[in-house]
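[1] Provide a 3D model corresponding to the input given below.
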Amino acid sequence: MLSPEQFAELIALIETSHDDGPKPEVRRAQRISHPCRISITLGDSENAGPFHLVQIKDISARGVSFLHNEELPHGTAFVVKLEGPAGKNVSILSNVVHCRQLDKHTFQIGAEFTCAVGKVQDVSHEYAPEDLMRIRSSILH
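    Numbering: from 1, shown residues only. I've put the predicted structure just below:
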């Protein structure tokens, strides 16, 4: 399973890697291959229905591509759940952008992350007051 910490590490790796070679496709965010399983729930909330384990093909800061045994039509909402240690879970609302049948029982789904869902945790106690002021200032200006 992909944990929130692993996701953050992948995104950091994506953002710091530079490839000066020709790019066959223009994308809004660079993708990285990371074969592992994640849990998804169809619907627009964490508790909308049963969860499904799916196999990731690649992931980026903006979305994910995975293999699933069911067809998911364009626009289908689902929640990606990243399970971390000690109950530190992150859930991300996502929407299907494309679905391509690979064989009789396998579909490749491309999805875009929409927003985080669930509880928003107050992490202000984890930062020094001067860091909070710097962060607030950079966001508001």
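[2] from now on I want contacts and neighbour counts done on CA atoms only, so please keep to that.
    OK.
[3] so Glu46 makes contact with Asn89?
    No - if you go by C-alpha atoms under 8 Å, Glu46 and Asn89 don't touch, sitting 11.2 Å apart.
[4] show residues contacting stretch 93-110.
    Residues outside stretch 93-110 that contact it (C-alpha atoms under 8 Å, 6 or more residues apart in numbering) are 44-45, 63-80, 111-117.
[5] immediately after the longest strand seen in the chain, which helix or strand?
    With DSSP state E applied, the strand covering the greatest number of residues in the chain is identified as strand 89-103. Reading on from strand 89-103 to the C-terminus, the next helix or strand found by DSSP states H and E is strand 106-117.
[6] and that next one, what's buried?
    Phe107, Gln108, Ile109, Gly110, Ala111, Glu112, Phe113, Val117 (16 or more other C-alpha atoms under 10 Å).
[7] in this protein, where is pLDDT below threshold?
    1-30, 84-87, 119-128, 131-141 (pLDDT under 70).
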